[in-house]
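[1] give me the fold of what follows.
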Amino acid sequence: MPKDPPGGRRAVAVWCIGVAVYFVAVIFRTSLGVAGLEAADRFHVNASALATFSLLQLLVYAGMQVPVGLMVDRLGTKKVLTLGAVLFTVGQLGFALSPSYGMALAARALLGCGDAMTFISVLRLGNRWFPARRGPLVAQLAGLVGMAGNLVSTLVLAPVLHGVGWTAAFAGSAVAGLIVLVPLVLFLRDHPEGHEPPAPPAVASRGAGGSPRTESGGGFVRRQIKESWSEPGTRLGLWVHFTTQFPAMVFLLLWGMPFLVEAQGLSRNTAGGLLTLVVASNMALGLVYGQIIGRRQSSRIPLALGTVGLTALLWGSVLAYPGDRAPMWLLVTLCLVLGTCGPASMIGFDFARPANPTERQGTASGITNMGGFLASMTTLLAVGVLLDATGDDYRIAFSTVFVLEALGISQILRLRGRALAREREREHERARTAIPAQGAGPRPVPAPAEPGRAPA
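    As a prediction, this is how the structure comes out:
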């Protein structure tokens, strides 16, 4: 197995190239969140059809997570990130120029495909270039950079859209994709010299006469998925991500602006300020969550469940508030709490990462990352359908949030015992290998700490 990467300035430089690509992908992903009302007018669609934009984008994103994880494990980070950057740039440009609803849908699907290739690649890049003990903090920093992309959508793209119009705003933003492609192609490397990952096993079984038989591509895919899914930590990571991420994503990606403007009677500027508050809260708390988890792994479940409970409490308070509109202080509090959803969703990777060896990190991260986007996709569609069915009753439509949170909590509680027991087993195995018995002869060289865990 490869040694623990040393980190250092070169690691930071290479990692910054990767997160720059992710930063641009998030700008493109969330650009519709500040243009939902304009999109409805431009393409003459109702709430359900508007939700289909984000639904299709997330459907492609979620569906691509496992294939992308397999691609990263097999092809490496640079090739997958480069393909992703090309696809999301073409998708954003196509969305700018689309004359019809159908073509705009196709452009968002292409954007979602490229976007899907970024985050898993950035996580893998962090695992390859930084020591394992830095895993939680590096992952939270990547998420923080993504939220900065969301902030750019809110603070920059929204006023530009209103100032220069749809085509110029979206086509101009597509230039950012071309800019990040240059350092990506020229300077990004998959891993430091001397830290090459182990090659995937090439022999799956023995043929007639005991001769080795090479594993096929399909066999590799099935084995990677099966072995990753068999780990309770991977499944727990998926459900933590599922339960924590989607309330904020649904709010930021599409329905926050219409809810604040149409249901709460706020101006677009005030609503935009509240969306910015969600992003700012996320960025501030990301580092806090990363430091807490890096120092105390036992805090993962309490942080995840506490975030879900607080989010549900604030959503319920806003929706059940007497009268037609909630007071501003309550909306501000809701947005501050929604900012905790992003950092809490990263906890899912801190369960999947130590449960899987280095050569399965991409696949396991893809399975985990699929959780939150499946929940977001379901909620986006349900809210749109219920708004059309109830005459824009946001209280009924947003009640979907509680159903998915209840489902996710039940799965977290079901899986946490098995996942944590398996982690303890791995820690004991490492301890037995690392600490020689008194008076004993030489012991085997200890394996490096699993990604996302501090060395024993």
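
[2] residue ranges in the protein under the pLDDT threshold?
    1-4, 194-218, 430, 433-456 (pLDDT under 70).

[3] what residue is smack in the middle of it?
    Taking Cα atoms, centre = their mean as the criterion, residue 369 is the residue nearest the geometric centre of the chain, at 5.3 Å.

[4] so that residue makes contact with residue 121?
    No: in this structure, residue 369 is not within contact of residue 121 by Cβ atoms under 8 Å, at 11.2 Å. The way it works is simple: take the backbone N, C-alpha and C, and place the C-beta from them, glycine included.

[5] ok, residue 387 touching residue 40?
    No: counting by Cβ under 8 Å, residue 387 does not reach residue 40; the two are 11.8 Å apart.

[6] so where does residue 38 fall, helix or strand?
    Assigned by DSSP states H and E, residue 38 belongs to helix 36-43.

[7] that helix: which residues count as buried?
    36, 38-40, 43 (16 or more other Cβ atoms under 10 Å).

[8] before we move on, what about stretch 327-341?
    Result for stretch 327-341 [16+ other Cβ under 10 Å]: buried residues 331, 333-341.

[9] show residues contacting it.
    With Cβ atoms under 8 Å, 6 or more residues apart in numbering as the test, stretch 327-341 has contacts from 244-249, 251, 260, 264, 274-275, 277-285, 289, 307, 310-311, 314-315, 317-318, 321, 326.

[10] alpha carbons only: can I get it in CSV?
    Output of stretch 327-341 as CSV, limited to C-alpha atoms (Å, rounded to 0.1, in the frame of the first residue of the first chain):
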residue,chain,number,x,y,z
PRO,A,327,-41.5,37.6,10.8
MET,A,328,-38.1,38.5,9.5
TRP,A,329,-36.2,37.3,12.6
LEU,A,330,-37.6,33.8,12.1
LEU,A,331,-36.7,33.8,8.4
VAL,A,332,-33.2,34.9,9.2
THR,A,333,-32.9,32.1,11.8
LEU,A,334,-34.1,29.6,9.3
CYS,A,335,-31.5,30.7,6.8
LEU,A,336,-28.8,30.5,9.4
VAL,A,337,-29.8,27.0,10.4
LEU,A,338,-30.0,25.9,6.7
GLY,A,339,-26.4,26.9,6.5
THR,A,340,-25.5,23.9,8.7
CYS,A,341,-26.9,21.4,6.2
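
[11] test my guess that residue 404 contacts residue 379.
    Yes: shown here, residue 404 and residue 379 form a contact pair, counting by Cβ under 8 Å, at 6.2 Å.

[12] which residues are in contact with each of those two?
    residue 246.

[13] now the buried residues of stretch 327-341 in JSON lines, with secondary structure?
    Output for the buried residues of stretch 327-341, formatted as JSON lines (DSSP: H, G, I helix; E, B strand; the rest coil):
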{"residue": "331", "secondary structure": "helix"}
{"residue": "333", "secondary structure": "helix"}
{"residue": "334", "secondary structure": "helix"}
{"residue": "335", "secondary structure": "helix"}
{"residue": "336", "secondary structure": "helix"}
{"residue": "337", "secondary structure": "helix"}
{"residue": "338", "secondary structure": "helix"}
{"residue": "339", "secondary structure": "coil"}
{"residue": "340", "secondary structure": "coil"}
{"residue": "341", "secondary structure": "helix"}
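
[14] what's the closest of these to residue 240?
    residue 341 (11.5 Å; Cβ to Cβ).

[15] how close does that closest one get to residue 249?
    From residue 341 across to residue 249, the span is 7 Å (Cβ to Cβ, to the nearest Å).

[16] over to residue 79?
    Plainly put, residue 79 is 28 Å away from residue 249 if you go by Cβ to Cβ.

[17] those two - which one has more neighbours?
    residue 249 (27 against 15; other Cβ atoms under 10 Å).

[18] thought that one was touching residue 376?
    Yes: judged on Cβ under 8 Å, residue 249 makes contact with residue 376 at a distance of 4.4 Å.

[19] can I get stretch 233-248 as PDB, trimmed to CA atoms?
    Taking C-alpha atoms only, stretch 233-248 is exported to PDB below (Å, rounded to 0.1, in the frame of the first residue of the first chain):
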ATOM      1  CA  GLY A 233     -20.000   2.700   6.800                       C
ATOM      2  CA  THR A 234     -20.700   3.300   3.100                       C
ATOM      3  CA  ARG A 235     -24.500   2.800   3.600                       C
ATOM      4  CA  LEU A 236     -24.500   5.000   6.800                       C
ATOM      5  CA  GLY A 237     -22.600   7.700   4.900                       C
ATOM      6  CA  LEU A 238     -25.300   7.700   2.100                       C
ATOM      7  CA  TRP A 239     -28.100   8.100   4.600                       C
ATOM      8  CA  VAL A 240     -26.300  10.800   6.500                       C
ATOM      9  CA  HIS A 241     -25.800  12.700   3.300                       C
ATOM     10  CA  PHE A 242     -29.400  12.000   2.200                       C
ATOM     11  CA  THR A 243     -30.900  13.400   5.400                       C
ATOM     12  CA  THR A 244     -28.800  16.400   6.000                       C
ATOM     13  CA  GLN A 245     -28.100  18.000   2.600                       C
ATOM     14  CA  PHE A 246     -31.400  18.400   0.800                       C
ATOM     15  CA  PRO A 247     -33.300  21.100   2.800                       C
ATOM     16  CA  ALA A 248     -30.700  23.700   2.000                       C
END
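
[20] oh, and call the first residue 47 from now on, that's how I've got it
    Will do, 47 is the new start, and the previous item becomes stretch 279-294.

[21] which parts of that stretch are buried?
    279-294.

[22] over to stretch 419-432?
    For stretch 419-432, by 16+ other Cβ under 10 Å, it's 419-430, 432.

[23] farthest-separated two in those residues?
    419 and 432 (20.2 Å).

[24] wasn't residue 451 part of a helix?
    Yes: looking at residue 451 with three-state DSSP, it is inside a helix.

[25] just give me the neighbour total for it.
    21.

[26] same check, this time on the one 3 residues further on
    With neighbours defined by other Cβ under 10 Å, the count for residue 454 comes to 25.
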